[in-house]
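Asks: next comes the sequence, and after it the predicted model I'd like to discuss.
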Amino acid sequence: MKKTVLDYALKIRLPLTLFVIATTFVLTYYISRPERDGIGYAPEQPIKFSHKLHAGAMAIDCQYCHTDVAKGRHATIPSVNVCMNCHSVARKDKPEIIKLTQYYEEGKPILWKRIHKVPDYAYFNHSVHVNKGIDCASCHGDLKEMEVVSQVRQFTMNACLDCHREPHKNLPYLEKVNIGPENCAACHR
Amino acid sequence: MNDNRNSNDMKKDFWKSIKDYNDDPEVLEVKANEFMEGVTDDFDESKLSGISRRKFIALLSASTAFAATACTDYRDKGEIVPYNKRPEEILTGKANYYASTCTGCSQSCGILVKTREGRPIKIDGNPDHPINNGKTCAKGQASILNLYDPERLKYPMIQGRRSDWKNVDQEIISQLNDSKKLNKEISIVTGTLVSPAMKKLFDDFTSQYPNTKVYQIGLVSDQIRREAWLESYGSYDYPAIKFEEATIILSLDSDFLGNEGSFIENMQKYTKKREVIDKVSFNRLYVAEGRMSVTGAMADYRISISPDLQYQFVLMLMGELIKSGSAINLSNDILSKINSVSGDLKIDKTKVAHLLKDLNSNRGKSIIYAGDTLSNDVHVAVNLLNEILGNTTLYDYSSSFKSLMHYAKAEELSQLVDSMNNDKVGVVIHLDSNPVFTLPADFGYESALKKVTATISLTEAVNETSTLCKYALPINNQLESWGDANYRSSVYSLQQPVIAPIFDTRQKEAVMLTWISGEPSTYKDDVYHKYLMSYFNNSAYSKRNRLSDEKSFWYSALHDGVISYEEEIQRSSFRLNSFINTKQDFQSNGYTVHLTESYFVGDGRFANNGWLHEVPHPINKITWDNYASISPALAKELNVEMNDLIEISSEGKTLTLPVLVQPGMADKTINIELGYGRTVVGDVGNNVGFNAIGLMTKNYSSSPFVNNNVSISKVNGKHKLVSTQEHHSLDDTFVKDFHRIRKIIQEGTVEEYNNDPHFLHHEKHEVFGITREHKYTGVKWAMSIDLNKCTSCTACITSCNVENNIPVVGKDQVERGREMHWMRLDRYYSGTPEDPIISNQPMLCQHCDNAPCENVCPVNATNHSPDGLNQMAYNRCVGTRYCSNNCPYKVRRYNFFDFRDHFEDEYYQNNLTALINNPEVTVRSRGVMEKCTFCVQRIMEARSDAIAEGRELKGADVVTACQQACPTNAIVFGDANDPESRISKLRKHNLAYHVLEELNIKPNVTYIAKLRNTHPEEN
């Protein structure tokens, strides 16, 4: 009697439990991976700005608004006066533009929700990458098709290193590209 | 044996205390009762909470779980806030630089302020400035912390209560008008005046309020030098010295390479004759001093002499030197006066013989330079001696030290105090000055101040004077201010604000302008800006015949920070009468107290700056204190050692302070640094150190800083002095000369080097490696430090602190060896305690090719980069500290705490001080190791610039923070793989060596061995 209970516990119950725990963990880990890495994160923005319209339909170059991306570490979201270059004339009657004009006139900054983020201790430099000819879409996805911006790629150390190690595979459009640095101080300091 | 143990007279093998050993009944009782009586007496069950522990834990965990699930939007990454209208010049992530002028002391060095997104984060020298040539001192570097000091005065106060400017202005203007009507004096007490626009403002003020008197005061200033110059040459302005042309320099208690006068400039000039790269043509430095100064540590020959014997010393030299002629005619009076001095000075005769020989054979190419703290008589005698030797050729009249007004003499200040006491003063205005602290107590300034109705203090932070004043008015920090300076002839520099006032503060000049106008509503933020501009257009513009119009000239001057023009002060011949009047009333019969300026807190104005308190003293490495430095012989005589307290009394005044036994001190001289012991300054600086101004008197006989009317006694008690380097290496026979035996310090003499340039490398061991050598193909970073040029001024340490977000840890932590400086200046003594030779060595991470720290890290947090950097990934570090244990140079620093949080109840942990952080460097938290990175953030910035410009990165593109600050350019950084670079040439230099070379760890910091220019026959 005693032996059968022990046998049952050891031979069936225990492996079964372990199996269920392991499967649950592995499944959850993999299924939630993109979620945890922020893929698909598309928060509502204070102004419904459409990249699809501006970058897609009207084919405005990224650097027309994101002016500093080739000069410094940050790509920088344009300040309100950049928007007003056009919108002091264009589409002044639309509700979102009225909102925008209001920001401009009140001198208030727009609090855009942040979508892409690397941790504080990682120092990513936009200008280095852009000046090497890497396309914005390689990390940020095809913004020309995005009505609302969402994150499409992982921004983990693994994702960085993947590209640094195999740039030819990840950036096939670049004919001449060197392997990216892999040392700690390239990003951490 | 066992039997023995049981017997009554058994002696215990192990015992906890003497009482335990003697079987004291008290101890036995304690042993019997596990819990002492009364331990649980206070325990009252009824007062406890009704909630059981189990219930409490259940509630706590449930609420945490609910809170965690309900309240987190873990995907939320915050916001990005761009400008509404971005200023054109600001590029997010890129620094802007503005030229300005430092007001930390009267020297008015040109500075270049680095700002990020509108906030200043670093101060460096302005490379276009002709005086300081792009360099600043430690004080200038650290002064940026004063802008972000959380204890700055934030709003105007009347009698300690918050008020507003309009109210304050109204009241003060009516007080000023009252004084005008009643014909009472309006006294302005100011620090050294260097701004000509401010001088004009004083004139305007005086024409509005005619009974105004301005008093210029300074704690340690060049007042005595100027007054002596006035006597000798009839001018209050004196020329700079061409140290770069002097072959023999004799410094008499002058710290001209340490903290006296224009020391940044002097260091640069002096080291021009300490170059070893191509041709060795050295000057020879003699220092005769009673203390051990930075200059003394640099000396080729150092003569210990009490400061009150300097007059006799100069006359003795004069007497010997006139035997072989004089460049000027001397009357018989003078000759007999010179020869009247006799007596044994008890100083090293061989050194004096060398000195006399050198001075004699280098007439016209040598200079004798007396210190600011020596008496008028010494200065006049030195002026004569330089005349006799024809050394006046080394006076640089085109670069003189100008004066906009004279310093107030002791008699004038006494008169001011009398007037205050007799109700003859209506208003006292303290302009950025602190006379209650800096004036000797026997002036009675403090009590006199209480008798004046309208007392005003314009100050950045509270001080001893402002708390006694009715009105305490906050003024702008130097980085928020407009201004100008014309301290040196031919150089006019401008000061511009780089940040808008953070608090409700005003420019002190603007406040004065409002009072001149007599109407509070006339104040506008740009009122002084306009005043300065119009002054500039009217005076400075005309000084240079310019082709540009006034406005473009103003903007170009503002951009450069400085304009140069032709100017020379008048020369006149030496007035022999001034020497006849000198007297030798100093008779050293006992102890002499010599008071000198602090290397860090200045006249006390930097006393709330944690960075400066924590920089180790250049010589004895003490932090957070001042002390009485005494010679080993005097220590023996008084039977004291380091940390023991002594009492120094002089004419009823006493000062008790700890002792530091300093090798090399003159036997009966006690040296104390001034500026410490402030009582009202802020949480950081309150009661740090001891206030030695208490030993000064207004009725001094010769010099206020030299007091030989003192008695000393040992008193009970101790005060722990904390230093970052041990003090006993001279006495300990085991460690004595270790640094030479282990070749940490390698030195030679000029003679040795000239005879055999290779002399350092004769005994080279062959070292074997067991690992394969790594090939560095691209750039390989390396540094070299020229020990001939290092004066251990500590500018590098401070610059590194600011650049790399190094926290202040506090005295208690330094005591435990937890200081966080990435760089330290090691000081080694050799020779005897009476006459030590000092060797300095900056020590930082050596970025070894075979770094021993790397292979012991269990998590690979520290490893090597392909460009030769020893990298440290903070977010990977788990804090085992193995690396630090395995580092032979001991340059790794561990964060035992989050020091910003730990120091003085989070003193530097606030939103204001956080603005000082360099955003390109991680702020390290508790539990991680850190160390010098060779300023990797600057390397990465240079790299990204090179990529943007489509060119290869060159070694010369990168300047590290320490290199940028080093006043003598002793530090060189660059690409070791570039054969054309300076660094690769230095690495191959005959004098180049590595510390602990035999370990075969291949360090990448090369030291250039120091050569001493001693006389050949001594080798």
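Replies: Noted; the coordinates are in hand. Numbers count the residues shown, from 1 in each chain, chains lettered A, B, ... in the order given.
Asks: and the chain, what are its domain boundaries?
Replies: As the question left the chain open, I've gone with chain A. As given by automatic domain parsing, the domain ranges for chain A are A:2-31, A:45-76+A:115-186, A:78-111.
Asks: try chain B instead
Replies: Using automatic domain parsing, the domain ranges for chain B come out as B:2-32, B:157-221+B:406-481+B:504-524, B:223-401, B:590-720, B:778-1012.
Asks: next, count neighbours for the residue in the stretch 451-600 of chain B positioned nearest to chain A.
Replies: Proximity of the stretch 451-600 of chain B to chain A (CB to the nearest CB) peaks at residue B:500, 15.6 Å away. To be clear about C-beta, it is placed using only N, CA and C from the backbone, and glycine gets the same treatment. Burial of residue B:500 is recorded as 9 neighbouring residues (other CB atoms under 10 Å in any protein chain shown).
Asks: which SSE is it in?
Replies: Using DSSP states H and E, residue B:500 falls within no helix or strand.
Asks: re earlier: export the domains of chain B as JSON lines, with columns for mean pLDDT, mean neighbour count and distance to residue B:540.
Replies: Putting the domains of chain B into JSON lines (pLDDT from 0 to 100; neighbours: other CB atoms under 10 Å in any protein chain shown; distance: least, CB to CB, whole Å) gives the following:
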{"stretch": "domain B:2-32", "mean pLDDT": "65", "mean neighbour count": "10", "distance to residue B:540": "76"}
{"stretch": "domain B:157-221+B:406-481+B:504-524", "mean pLDDT": "92", "mean neighbour count": "19", "distance to residue B:540": "8"}
{"stretch": "domain B:223-401", "mean pLDDT": "91", "mean neighbour count": "21", "distance to residue B:540": "18"}
{"stretch": "domain B:590-720", "mean pLDDT": "91", "mean neighbour count": "21", "distance to residue B:540": "28"}
{"stretch": "domain B:778-1012", "mean pLDDT": "92", "mean neighbour count": "20", "distance to residue B:540": "27"}
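Asks: please see if the helix or strand where residue A:96 lies touches chain B.
Replies: Assigned by DSSP H and E, residue A:96 belongs to helix A:95-106. Yes. Counting by CB under 8 Å from any CB of the partner chain, chain B has neighbours in helix A:95-106: A:103-104.
Asks: let me see the mean pLDDT of that helix.
Replies: Averaged across helix A:95-106, pLDDT comes to 93.
Asks: what about the strands in chain A?
Replies: Using DSSP state E, the strands of chain A run over residues A:112-113.
Asks: mind listing what's buried in the biggest helix by length in it?
Replies: Assignment by DSSP state H gives helix A:14-31 as the longest helix of chain A. Judged by neighbour count using 16 or more other CB atoms under 10 Å in any protein chain shown, helix A:14-31 contains no buried positions.
Asks: would you quantify the distance from the nearest residue to residue B:898 once chain neighbours are set aside to residue B:216?
Replies: Using CB to CB, 6 or more residues apart in numbering or on different chains and skipping residues adjacent in sequence, the residue nearest residue B:898 is residue B:926, 4.4 Å away. Distance of residue B:926 to residue B:216, given as CB to CB, to the nearest Å: 48 Å.
Asks: same question for residue B:317.
Replies: Using CB to CB, one gets 34 Å for the distance from residue B:317 to residue B:216.
Asks: next, residue B:493: phi, psi?
Replies: Main-chain torsions, residue B:493, degrees, to the nearest 10: phi -120, psi 150.
Asks: who's it bridged to?
Replies: Counting by DSSP bridges, residue B:493 is bridged to residue B:485, residue B:562.
Asks: and the closest residue to residue A:77 other than its chain neighbours, helix, strand or coil?
Replies: Spatial nearest neighbour of residue A:77, excluding adjacent residues (CB to CB, 6+ apart): residue B:82 at 4.6 Å. Classification of residue B:82 using DSSP: H, G, I helix; E, B strand; the rest coil returns coil.
Asks: columns distance to residue B:572 on top of the domains of chain A, output as TSV?
Replies: Below are the domains of chain A laid out as TSV (distance: least, CB to CB, whole Å):
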stretch	distance to residue B:572
domain A:2-31	89
domain A:45-76+A:115-186	58
domain A:78-111	62
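Asks: what sits against the residue of the stretch 601-750 of chain B at minimum distance from chain A?
Replies: Nearest residue of the stretch 601-750 of chain B to chain A, counting by CB to the nearest CB: residue B:611, 21.1 Å away. Counting by CB atoms under 8 Å, 6 or more residues apart in numbering or on different chains, residue B:611 touches B:142, B:145, B:798, B:801-802, B:808.
Asks: what is the nearest of the residues you listed to residue B:516?
Replies: Using CB to CB, residue B:145 comes nearest to residue B:516 of those, at 33.2 Å.
Asks: relative to the whole chain's centre, how far out is the one helix or strand that closest one maps to?
Replies: Using DSSP H and E, residue B:145 sits in helix B:144-147. Distance, stretch centre to chain centre, for helix B:144-147: 14 Å (CA atoms, centre = their mean, to the nearest Å).
Asks: now swap in stretch B:603-622 and tell me
Replies: Remark: stretch B:603-622 is offset 6 Å from the chain centroid, using CA atoms, centre = their mean.
Asks: ends of it, what's the gap?
Replies: This stretch, stretch B:603-622, spans 18 Å end to end (CA to CA, to the nearest Å).
Asks: what does stretch B:898-906 give?
Replies: 10 Å.
Asks: check stretch B:555-567 too.
Replies: Stretch B:555-567 has an end-to-end distance of 23 Å (CA to CA).
Asks: test my guess that residue B:925 contacts residue B:898.
Replies: Yes. With contact defined as CB atoms under 8 Å, residue B:925 counts as touching residue B:898 (5.3 Å).
Asks: and the helices in chain A, which stretches?
Replies: For chain A, the helices defined by DSSP H cover A:2-8, A:14-31, A:33-37, A:51, A:62-65, A:80-87, A:95-106, A:126-131, A:137-140, A:157-165, A:167-170.
Asks: same question, the stretch 801-950 of chain B
Replies: Per DSSP state H, counting those that start in this stretch, the stretch 801-950 of chain B carries helices over the ranges B:811-815, B:882-886, B:899-902, B:936-948.
Asks: need these in TSV with distance to residue B:99, can you?
Replies: Output for the helices of the stretch 801-950 of chain B, formatted as TSV (distance: least, CB to CB, whole Å):
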stretch	distance to residue B:99
helix B:811-815	35
helix B:882-886	41
helix B:899-902	31
helix B:936-948	20
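Asks: wait, which of those helices is closest to residue B:970?
Replies: Of all the helices of the stretch 801-950 of chain B, helix B:936-948 sits nearest to residue B:970, with 18.5 Å by CB to CB.
Asks: pull the residues that contact that closest one.
Replies: Against helix B:936-948 from outside (CB under 8 Å, 6+ apart): A:70-71, A:73, A:123, A:125, A:127-128, A:131-132, A:185-186, A:189, B:781, B:867, B:869, B:871, B:918, B:920-921, B:952-954, B:957-961.
Asks: following it, which helix or strand comes up?
Replies: According to DSSP H and E, the helix or strand after helix B:936-948 is helix B:961-965.
Asks: who touches that following helix?
Replies: Under CB under 8 Å, 6+ apart, the answer for helix B:961-965 is B:122, B:124-125, B:134-136, B:141, B:783, B:795-800, B:802-804, B:823, B:842, B:844, B:935, B:938, B:969, B:971-973.
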